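>>> pasting the sequence and the predicted coordinates here, then a few questions.
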Number of protein chains: 2
Amino acid sequence: MAGLVDKVKQATNKALASGSKITSTVALKEDNPEEGTVFLNKLSGKNLIVGVPGAFTPPCSSHVPGYVEQADKFTQKGIKNIYVVAVNDAFTTQAWKEKLGANSPIVHILADDTGAFTRDVGLGFDASGLLGGFRSQRYVAVVDDNVVSQIFVEDAAPNVTVTQAGNVLEALK
Amino acid sequence: MAGLVDKVKQATNKALASGSKITSTVALKEDNPEEGTVFLNKLSGKNLIVGVPGAFTPPCSSHVPGYVEQADKFTQKGIKNIYVVAVNDAFTTQAWKEKLGANSPIVHILADDTGAFTRDVGLGFDASGLLGGFRSQRYVAVVDDNVVSQIFVEDAAPNVTVTQAGNVLEALK
């Protein structure tokens, strides 16, 4: 039954918007594939959540480095950490991080391996044709003490326009 | 409904065994993530199908190189091609192939991104805890003109014992 329940959730969950609170209690995986350790509903201060459709896809592999390269500028603008969330397993996100050389201490590449966080925030889509299943849309949420203060969502997942690091940096309030 | 139907299929599909015919019409992806081009129900001659639980997982990353390194020996024993099948998307399998340096022309790393082939052959399992979803068991099927002549399946997916390249090479009839 799990598959069916998930599908209904996916259709009815309201997408994050400005003013939304992050309520998902899903533990996302960072360094340990056996256990999720990062809870995005428990962040304090100002942070970014960056949703990406797929590790190793060309758009995502050009999208994420912008955040790594400009990490210091985000810090100067008051961003504590940048959490990149992909519906991939943790072995894949770790290998991707290594390939990207994403070594900024404030950039965290997280595996939402079941897609549960992405469903909770209502920002997934059916990527079966290209990627085989449910994935994250491309979005950036600015989260201030657990409340979304700004959000940027691409119209189509392959696009990198409003969610580009430079654009978000410029638009940060 | 797709999720529910898949679950039932997963439970009822009979696992490949010696004498089984490969009937799955699923097109697996190799070089083009947009289109599956490899049909394992249309192989001629003697070939290997190697099911693996996950690209970039440590057991699979030590399992597959054995087939690459000993590809010539498999050729000498009459094996035309070796098809490694993982329930991962094609961007991930390609990146994995690159990382492994799996450049033997007879070794093909294939993405069963929806898991449909793996369900059809009845050799998947629920890997939600570690990998987030449905994955392939670790197995090697020797397929002779589309009929399984020998099959080796690990009791637990992380194990690499009976499916080890050296073991299969030795056991080949």
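Looks like it arrived, so ask away.

>>> surely residue A:80 is in a helix?
No - counting by DSSP: H, G, I helix; E, B strand; the rest coil, residue A:80 is not part of a helix but strand.

>>> now residue A:57: how far from residue B:94?
Distance of residue A:57 to residue B:94, computed by Cβ to Cβ, to the nearest Å: 10 Å. All C-beta atoms are positioned from the backbone trio N, CA, C, and that covers glycine.

>>> which residue of those two possesses the greater neighbour count?
Each of residue A:57 and residue B:94 has its neighbours counted (other Cβ atoms under 10 Å in any protein chain shown); residue A:57 has more, 25 against 20.

>>> OK, contacts around that one?
A:131, A:158, B:91 (Cβ atoms under 8 Å, 6 or more residues apart in numbering or on different chains).

>>> in what helix or strand does residue A:72 lie?
Take DSSP states H and E as the rule and residue A:72 turns out to sit in helix A:71-76.

>>> packing partners of that helix?
helix A:165-171 (3 or more Cβ pairs under 8 Å, 6 or more residues apart in numbering or on different chains; DSSP states H and E).

>>> got the residues of chain A near chain B?
Applying Cβ under 8 Å from any Cβ of the partner chain, we find that chain A lies next to chain B at A:1-4, A:6-7, A:33-34, A:54-58, A:87-89, A:91-92, A:94-96, A:99, A:111-115, A:128-133.

>>> filter these down to the buried ones.
A:3, A:6-7, A:33, A:54-57, A:87-89, A:91-92, A:94-96, A:111-115, A:130-133 (16 or more other Cβ atoms under 10 Å in any protein chain shown).

>>> strands of chain A, start to end?
Using DSSP state E, the strands found in chain A span residues A:27-28, A:38-39, A:46-52, A:79-86, A:107-111, A:124-127, A:133-136, A:139-144, A:147-153.

>>> turn those strands into JSON lines, including mean pLDDT and distance to residue A:70.
Formatted as JSON lines, the strands of chain A follow (pLDDT from 0 to 100; distance: least, Cβ to Cβ, whole Å):
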{"stretch": "strand A:27-28", "mean pLDDT": "98", "distance to residue A:70": "23"}
{"stretch": "strand A:38-39", "mean pLDDT": "98", "distance to residue A:70": "22"}
{"stretch": "strand A:46-52", "mean pLDDT": "98", "distance to residue A:70": "11"}
{"stretch": "strand A:79-86", "mean pLDDT": "98", "distance to residue A:70": "10"}
{"stretch": "strand A:107-111", "mean pLDDT": "98", "distance to residue A:70": "10"}
{"stretch": "strand A:124-127", "mean pLDDT": "95", "distance to residue A:70": "27"}
{"stretch": "strand A:133-136", "mean pLDDT": "96", "distance to residue A:70": "21"}
{"stretch": "strand A:139-144", "mean pLDDT": "98", "distance to residue A:70": "13"}
{"stretch": "strand A:147-153", "mean pLDDT": "97", "distance to residue A:70": "15"}
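
>>> so can I have TSV of those strands showing distance to residue A:68?
Listed next are the strands of chain A as TSV, based on distance: least, Cβ to Cβ, whole Å:
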stretch	distance to residue A:68
strand A:27-28	18
strand A:38-39	18
strand A:46-52	11
strand A:79-86	8
strand A:107-111	5
strand A:124-127	24
strand A:133-136	19
strand A:139-144	14
strand A:147-153	18
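
>>> out of these, flag the one nearest residue B:143.
When the strands of chain A are compared by Cβ to Cβ, strand A:133-136 sits nearest residue B:143, at 26.9 Å.

>>> buried residues in stretch A:62-79, which are they?
Here stretch A:62-79 shows A:63-64, A:66-68, A:70-71, A:74, A:79 as buried, counting by 16+ other Cβ under 10 Å.

>>> any chance you could list what contacts that stretch?
A:45-48, A:50, A:52, A:82, A:84, A:100-104, A:106-107, A:109, A:138, A:142, A:160, A:163-166, A:169, A:172.

>>> can you give me the end-to-end distance of stretch A:92-110?
Terminal residues of stretch A:92-110 are spaced 10 Å apart (Cα to Cα, to the nearest Å).

>>> what's the answer for stretch A:153-169, then?
Using Cα to Cα, the gap from the first to the last residue of stretch A:153-169 comes to 15 Å.

>>> how distant is it from the center of its chain?
Chain-centre distance of stretch A:153-169: 12 Å, with Cα atoms, centre = their mean, to the nearest Å.

>>> try stretch A:25-45
Offset of stretch A:25-45 from its chain centre (Cα atoms, centre = their mean): 12 Å.

>>> in that stretch, what's buried?
In stretch A:25-45, counting by 16+ other Cβ under 10 Å, buried: A:26-30, A:33, A:36, A:38, A:40, A:43.

>>> model confidence over stretch A:91-103, on average?
Mean pLDDT, computed over stretch A:91-103, is 95.

>>> just the ones of the contacts of residue A:57 in helices?
Filtering these for membership in helices, criterion DSSP state H, returns A:131, B:91.

>>> residue B:123: which of the contacts of residue A:57 is nearest?
For the contacts of residue A:57, the nearest to residue B:123 is residue A:131 (21.7 Å; Cβ to Cβ).

>>> let me see the contact set for that closest one.
A:53-54, A:57, B:33, B:89, B:91, B:113 are the contacts of residue A:131 under Cβ under 8 Å, 6+ apart.

>>> could those residues be laid out in CSV, adding distance to residue A:151?
Below are the contacts of residue A:131 laid out as CSV (distance: Cβ to Cβ, whole Å):
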residue, distance to residue A:151
A:53, 17
A:54, 20
A:57, 22
B:33, 28
B:89, 26
B:91, 26
B:113, 29
